[in-house]
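In: got a structure for you, letters missing:
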Ligand SMILES: *Cc1c(COP(=O)(O)O)cnc(C)c1O
């Protein structure tokens, strides 16, 4: 475990996670760096989202979908045996128990409902491991929309099961053969495709990345994680608010949604990245997929390929709000290795009877190592978002264990 960015002391209990400044700015990050036709399409999404988010009718319809279809609210589970071994009090926010098995469904149901409200009849999405693609295909089927999912050719080979699930759900899966044939290129291709289809299609981005309003809108759709957890902590924790709030960070949506519920408390926020995909911890300023943020780059400024055993953390950058929270010292970003994550997954399985997604296992690996190394003082209360379940990772784990 390596510590890449410090907190500002004392940790400010301020309202850092409100609306972004004009044109989607979080500090010096964010913005809308897109071709003219997409700038217009983003403006329409922005306007529709603002209207919808202020409309109790939309909020109510979404809350109902999340309840009756996705299984919300998700429980807060005390990890009793592991807590005892670590000398801290660890609570898990169980996004692994949602329909389709990860937090992605929260955002996708929000965007699908928004697309319906805007009169769109098709969702366009990119996917890496296929989790966001499956969630998008699921929401499209539920609301009677079409879905077109762009996926790198290499990922299609590696994730055959999710490709089948998407097709079973009625989505069209389009192989992307350019560049590294993985998530970065699938995202570029999806955006290019949207240019010619903005009239009838909504681009459903899977994380807090991309041009304004996506980073903000996706965080708002995911803040249900943090809002629920805040109320559950208030009811169940002796301290009311946990001392630490921890989540894994790929693009950063489950972390942003979790952090948003605690931004105005003194809780210390920790984002855990993969060693090989550490945009917040080790990225440099750049522009990719319509947004200014921190990206892994070579000396010529070319975006480099991320590498992680967890496909959902295999993105070479991080959402603009995380870059800003890092600069402010409001959240701290750390990295863990593939091996540490695998070890943490096995430990959770054997102490709590939960097989986590390898992405979520990164967050747990930090908790384990910080509790052992004194970074987490004995007796601390820790809320950790368990972003997804590990079923999708069993073939990867089977080769290693
Ligand atoms: C996609 C995914 C992630 C990473 O995405 P964020 O936008 O950083 O949340 C993490 N965990 C799981 C289970 C995922 O499917």
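Out: Great, that's in hand. Everything numeric in this text was worked out from a predicted model, so none of it was measured.

In: buried stuff in the lengthiest helix in the chain?
Out: Secondary structure of the chain read by DSSP state H shows that its longest helix is helix 214-236. Under the neighbour-count criterion of 16 or more other C-beta atoms under 10 Å, helix 214-236 has 214-230, 232-233 buried. C-beta here means a position set from N, CA and C on the backbone, and glycine is covered the same way.

In: for that helix, the averaged confidence score.
Out: The pLDDT scores in helix 214-236 average 98.

In: any part of it near the ligand?
Out: No: using C-beta under 6 Å from any ligand atom, helix 214-236 stays clear of the ligand, with a minimum separation of 7.6 Å.

In: make 44 the starting number, not 1.
Out: Done: numbering now begins at 44, and the last item shifts to helix 257-279.

In: elements contacting the following helix or strand past that helix?
Out: Proceeding N to C from helix 257-279, the next assigned helix or strand is strand 287-291, under DSSP states H and E. On a contact count with 3 or more C-beta pairs under 8 Å, 6 or more residues apart in numbering; DSSP states H and E, strand 287-291 meets helix 296-303, strand 311-317, helix 401-416, strand 424-429.

In: quick one on the thing from earlier: and the longest helix of the chain, how far from the chain's centre?
Out: 12 Å (C-alpha atoms, centre = their mean, to the nearest Å).

In: tell me the secondary structure at residue 217.
Out: strand (DSSP: H, G, I helix; E, B strand; the rest coil).

In: go through the helices and strands packed on strand 287-291 and pick out the most buried.
Out: Mean neighbour count (mean count of other C-beta atoms under 10 Å) peaks for helix 296-303 among these, with a mean of 31.

In: quick one: name the residues of this protein near the ligand.
Out: 145, 147, 174, 250, 291-298, 355-356, 400, 402-403, 430-431.

In: for the stretch 344-444 of the chain, give me the ranges with low pLDDT.
Out: For the stretch 344-444 of the chain, applying pLDDT under 70 flags no range at all.

In: redo that, cut-off 90
Out: 344, 347-350, 354-355, 357-358, 417, 435, 438-439, 443-444 (pLDDT under 90).

In: so where do the strands sit in it?
Out: For the stretch 344-444 of the chain, applying DSSP state E, counting those that start in this stretch gives strands covering 374-379, 424-429.

In: the stretch 94-243 of the chain too?
Out: Along the stretch 94-243 of the chain, counting by DSSP E, counting those that start in this stretch, strands occupy 119-121, 132-137, 165-170, 189-195, 215-219.

In: among these, which is the most enclosed?
Out: Ranked by mean neighbour count, those are led by strand 165-170 with a mean of 26 (mean count of other C-beta under 10 Å).

In: strands paired with it, and their directions?
Out: According to DSSP bridges, strand 165-170 forms sheet pairs with strand 189-195 (parallel), strand 244-246 (parallel).

In: can you pull the contacts of the residue in the chain that the ligand sits nearest to?
Out: Residue of the chain nearest the ligand, by C-beta to the nearest ligand atom: residue 431 (2.4 Å). Residues near residue 431 by C-beta atoms under 8 Å, 6 or more residues apart in numbering: 138-139, 144-147, 174, 355, 399-400, 402-403.

In: just flag the most distant two among those.
Out: 147 and 399 (15.1 Å; C-beta to C-beta).

In: wouldn't residue 412 be in contact with residue 378 here?
Out: No: at 10.9 Å, residue 412 does not count as touching residue 378 under the criterion of C-beta atoms under 8 Å.

In: measure the residue most central in space within the chain to residue 206 for me?
Out: The residue lying closest to the centre of the chain (C-alpha atoms, centre = their mean) is residue 296, at 2.8 Å. Distance of residue 296 to residue 206, computed by C-beta to C-beta, to the nearest Å: 22 Å.

In: go on, residue 256?
Out: Noted for residue 256: a distance of 30 Å to residue 206, by C-beta to C-beta.

In: now swap in residue 96 and tell me
Out: 33 Å.

In: and this structure, what are its domains?
Out: Domain assignment of the chain by automatic domain parsing yields the ranges 45-64+115-145+267-443, 67-109+147-246.

In: before we move on, back to that, could you dump the strands of the stretch 94-243 of the chain into a markdown table and include distance to residue 374 and mean pLDDT?
Out: Listed next are those as a markdown table, based on distance: least, C-beta to C-beta, whole Å; pLDDT from 0 to 100:
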| stretch | distance to residue 374 | mean pLDDT |
| --- | --- | --- |
| strand 119-121 | 21 | 98 |
| strand 132-137 | 17 | 98 |
| strand 165-170 | 26 | 98 |
| strand 189-195 | 30 | 97 |
| strand 215-219 | 32 | 98 |
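
In: and the ones you listed as JSON lines, adding distance to residue 60?
Out: Converted to JSON lines, those look like this (distance: least, C-beta to C-beta, whole Å):
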{"stretch": "strand 119-121", "distance to residue 60": "21"}
{"stretch": "strand 132-137", "distance to residue 60": "17"}
{"stretch": "strand 165-170", "distance to residue 60": "25"}
{"stretch": "strand 189-195", "distance to residue 60": "30"}
{"stretch": "strand 215-219", "distance to residue 60": "33"}
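
In: looking at those strands, which is closest to residue 50?
Out: Going by C-beta to C-beta, the one of the strands of the stretch 94-243 of the chain nearest residue 50 is strand 132-137, 19.9 Å.

In: low pLDDT regions in the stretch 144-293 of the chain?
Out: Applying pLDDT under 90 to the stretch 144-293 of the chain picks out residues 172, 197-198, 200-204, 222-225, 281-282.

In: and of the strands of the stretch 344-444 of the chain, who's closest to residue 395?
Out: strand 424-429 (9.8 Å).

In: which residues does the closest one contact?
Out: Residues contacting strand 424-429 (C-beta under 8 Å, 6+ apart): 119, 131-139, 146, 268, 272, 276, 280-282, 285-291, 297-298, 301, 305, 310, 397, 399-400, 403, 406-407, 410, 419.

In: try it again at 6 Å.
Out: Applying C-beta atoms under 6 Å, 6 or more residues apart in numbering, the contact partners of strand 424-429 are 131-137, 139, 272, 280, 282, 285-290, 297, 301, 399, 403, 406, 410.

In: many thanks, I have nothing further to ask.
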